[in-house]
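Peer 1: Following is a predicted model, sequence given first.
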Amino acid sequence: MAQYFPVRAIRYEGPDSRNPLAFKHYDPRQKIRGKTMAEHFRFAVCYWHSFKGLGGDQFGGGTIQRSYNTGEAPMKVAEHTMRAAFEFFTKLGVGYWCFHDRDIAPEADTLAETNRRLDAMVDLAEKLQADTGVKLLWGTSNMFSHRRFMSGAATNPSPAVFAYAASQVKKAMEVTHRLGGAGYVFWGGREGYETLLNTDMGRELDHLGRFLNLAVDYKKTLGFEGAFYIEPKPKEPTKHQYDSDAGACHAFLQKYGLMKHFKLNIEANHATLAGHTFHHELEYAAANGLLGSVDANRGDALLGWDTDQFPLDLYDTTLAMYTILRAGGFTTGGLNFDAHVRRQSIAHEDLFHAHIGAMDAFARGLKGAAAMLKDGRLAAAVRERYAGWDSDLGAKIEKGKARFAALEAYTLKHGEPELQSGRQEFLENILNEYI
Ligand code: XLS
Ligand code: NI
Ligand code: NI
């Protein structure tokens, strides 16, 4: 059998290993809080960046040459690419992958032919999944690359484009279902605007709400039981995207009656583009029962775009895992590496180094987070800070049993409230013990 990545399977060798092609912290079988690391993370490799991204940017084309890009006919190359992808998943030892419809099969001149190509590639994916045991974390549809979607998909001013987008999502849901996908992602790449001068925002939002309700409807028809996720992102490619952050998605889901049907896929770099931390977006999602899945990556503090670097920051991974563990962990979701190697990282080993480093960073984050939970000092400090709410006064307010007049009477009687320290530095020092 052809080898596209001439590397032997990556193994756990422990923290003292100096082998760059080995895990130092990620031991898939190690149990933490009753679950193996593999079960905690449900790591997925993404198809678009890892196999279709070749280092192109706004100023130049691809720099990365992969052996599966043989120069043969597009469907032949698509087949090599998929075999290479499954070789990579297997050698890296991840349990899941994620893809867009157009990543795995090239678009043809008609939708019917495009769908035939997609079916042919899904046949191969089905076989490779069965051969390797690698599963689909989620599927999605690319409705942002083709020129027909220049003004959006579900929020397009033209209903014919809305219909095209619906046809594409219908098919992408079908193939996701066929491949046993645990979820389906909606990322609104061009569901936003460049200028409000040409935009009827209210109408566009209604159309997006309608579109997602139609998807929910078709999900039932299809019998697809995976989770639906919205992936918040504030901008890029558009100036403003409607699903700009977890809070905006939450409001949108409530307005259009979709709360029961969707969770969020939180991406670290999208959080930072929205002016939030990754931790904030995860906490917001968890606090509102919306934490579904994670696109694990990181941005660059000096660059204002979605650089999609591999996540290596131990503060980020520790705090993310602290929130995810407290929220009960992943069920259908997982950690998908929506990240790509840098333009100069042209060796095939670089793709391994990138994923190994990220998986180790999350393993350290998980160990730290589990230790923080066991230690309990952080949680205790938060509990103490809110202890007043368990007192007579607090409990009455929370239960809706104290009205303004009663609160005024309380204040007149007791005078100035007693203040307590927020103890930020004390808590930050505790966090540092676990990094
Ligand atoms: C782009 C998004 C995209 C989604 C899937 O910024 O992160 O990759 O995850 O369409
Ligand atoms: Ni993403
Ligand atoms: Ni992104």
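Peer 2: The structure has been received and is ready for your questions. Residues are numbered from 1 along each chain as shown. Ligands and ions are numbered 1, 2, ... in the order given.
Peer 1: Tell me the residues on this protein that lie near ligand 2, please.
Peer 2: 267, 295, 338 (Cβ under 5 Å from the ion). For every residue, glycine as well, the C-beta is placed using N, CA and C.
Peer 1: Residue 136 is in contact with residue 182, isn't it?
Peer 2: Yes. Counting by Cβ atoms under 8 Å, residue 136 does reach residue 182; the two are 6.9 Å apart.
Peer 1: Now list whatever residues contact both of those two.
Peer 2: Both residue 136 and residue 182 are contacted by residue 96, under the criterion Cβ atoms under 8 Å, 6 or more residues apart in numbering.
Peer 1: The residue in the stretch 1-150 of the chain that ligand 1 sits nearest to and residue 184, how far apart?
Peer 2: Here the stretch 1-150 of the chain gets closest to ligand 1 at one residue, residue 140, 4.9 Å apart by Cβ to the nearest ligand atom. To residue 184, residue 140 is 7 Å away according to Cβ to Cβ, to the nearest Å.
Peer 1: Looking at these two, which one has more neighbours?
Peer 2: Between residue 140 and residue 184, residue 140 has the larger neighbour count (other Cβ atoms under 10 Å), namely 26 against 23.
Peer 1: For the more buried one, list each beta-bridge partner.
Peer 2: residue 100, residue 185 (DSSP bridges).
Peer 1: Name all residues that make contact with it.
Peer 2: So residue 140 contacts 98-101, 172, 176, 184-187 (Cβ under 8 Å, 6+ apart).
Peer 1: mind listing the helices for the stretch 301-435 of the chain?
Peer 2: In the stretch 301-435 of the chain, the helices defined using DSSP state H, counting those that start in this stretch lie at 314-326, 348-375, 377-385, 392-398, 404-414, 424-433.
Peer 1: actually the stretch 151-300 of the chain, not the one I wrote
Peer 2: Using DSSP H, counting those that start in this stretch, helices in the stretch 151-300 of the chain cover 159-178, 201-222, 246-255, 268-273, 278-287.
Peer 1: Ranking those helices by mean neighbour count, which comes first?
Peer 2: Counting by mean count of other Cβ atoms under 10 Å, helix 268-273 has the highest mean neighbour count of those, with a mean of 25.
Peer 1: residues in contact with that helix?
Peer 2: Counting by Cβ under 8 Å, 6+ apart, 231-236, 245, 277-278, 280-281, 294-299, 304-309, 311, 316, 320 sit against helix 268-273.
Peer 1: Give me the buried subset of those residues.
Peer 2: For those, a burial check counting by 16 or more other Cβ atoms under 10 Å picks out 231-235, 245, 277-278, 280-281, 294-299, 306-309, 311, 316, 320.
Peer 1: Which of those fall in strands?
Peer 2: In strands, defined here by DSSP state E, the members of the buried ones among the contacts of helix 268-273 are 294-295.
Peer 1: Figure out the length between the terminal residues of stretch 238-254.
Peer 2: 24 Å (Cα to Cα, to the nearest Å).
Peer 1: For burial, what's the neighbour tally of residue 258?
Peer 2: Neighbours of residue 258 (other Cβ under 10 Å): 18.
Peer 1: doesn't residue 136 fall inside a strand?
Peer 2: Yes. Under DSSP: H, G, I helix; E, B strand; the rest coil, residue 136 sits within a strand.
Peer 1: got the contact list for it?
Peer 2: 96-99, 125, 129, 176, 179-182.
Peer 1: Tell me which two in those are the farthest apart.
Peer 2: Pairwise distances across the contacts of residue 136 peak at 14.8 Å for 125 and 182 (criterion: Cβ to Cβ).
Peer 1: Same drill for those two, tell me which one is more crowded.
Peer 2: Neighbour totals were compared for residue 125 and residue 182, and residue 125 leads with 25 against 22 (other Cβ under 10 Å).
Peer 1: Is that one within a helix or a strand, and which one?
Peer 2: helix 111-132 (DSSP states H and E).
Peer 1: Now residue 128: closest residue in space that isn't a chain neighbour?
Peer 2: Closest residue to residue 128 apart from its sequence neighbours, by Cβ to Cβ, 6 or more residues apart in numbering: residue 86 at 4.3 Å.
Peer 1: The one you found: how many residues sit nearby?
Peer 2: Residue 86, neighbours per other Cβ under 10 Å, totals 21.
Peer 1: ok, it to residue 142 distance?
Peer 2: Relative to residue 142, and taking Cβ to Cβ, residue 86 is found at 20 Å.
Peer 1: Can you name the residue of the chain nearest to ligand 1?
Peer 2: residue 187 (3.7 Å).
Peer 1: quick one: pLDDT of that residue?
Peer 2: pLDDT, residue 187: 98.
Peer 1: Tell me if I'm right that it and residue 237 touch.
Peer 2: No. In this structure, residue 187 is not within contact of residue 237 by Cβ under 8 Å, at 11.2 Å.
Peer 1: More neighbours: which of these two?
Peer 2: residue 187 (23 against 14).
Peer 1: wait, what's in contact with the more buried one?
Peer 2: Residue 187 neighbours (Cβ under 8 Å, 6+ apart): 140, 230-231, 233, 243, 265.
Peer 1: Would you mind listing what in the stretch 1-150 of the chain touches ligand 1?
Peer 2: Within the stretch 1-150 of the chain, the residues that sit near ligand 1 (Cβ under 6 Å from any ligand atom) are 100, 140.
Peer 1: again, only using 8 Å
Peer 2: Neighbours of ligand 1 within the stretch 1-150 of the chain, by Cβ under 8 Å from any ligand atom: 46, 48-49, 98, 100, 140, 142, 144.
Peer 1: out of those, which is most surrounded?
Peer 2: Highest count within these by other Cβ under 10 Å belongs to residue 46, 28 neighbours.
Peer 1: separation between it and residue 173?
Peer 2: In terms of Cβ to Cβ, residue 46 sits 19 Å off from residue 173.
Peer 1: could I get the helices of the stretch 151-300 of the chain as a markdown table with mean pLDDT and distance to residue 380?
Peer 2: Shown next, in a markdown table, are these (pLDDT from 0 to 100; distance: least, Cβ to Cβ, whole Å):
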| stretch | mean pLDDT | distance to residue 380 |
| --- | --- | --- |
| helix 159-178 | 98 | 43 |
| helix 201-222 | 98 | 41 |
| helix 246-255 | 98 | 27 |
| helix 268-273 | 98 | 27 |
| helix 278-287 | 98 | 18 |
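Peer 1: Save these as TSV, and put in distance to ligand 1 too.
Peer 2: Below are the helices of the stretch 151-300 of the chain laid out as TSV (distance: least, Cβ to the nearest ligand atom, whole Å):
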stretch	distance to ligand 1
helix 159-178	11
helix 201-222	15
helix 246-255	14
helix 268-273	7
helix 278-287	13
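Peer 1: Okay then, goodbye and thanks.
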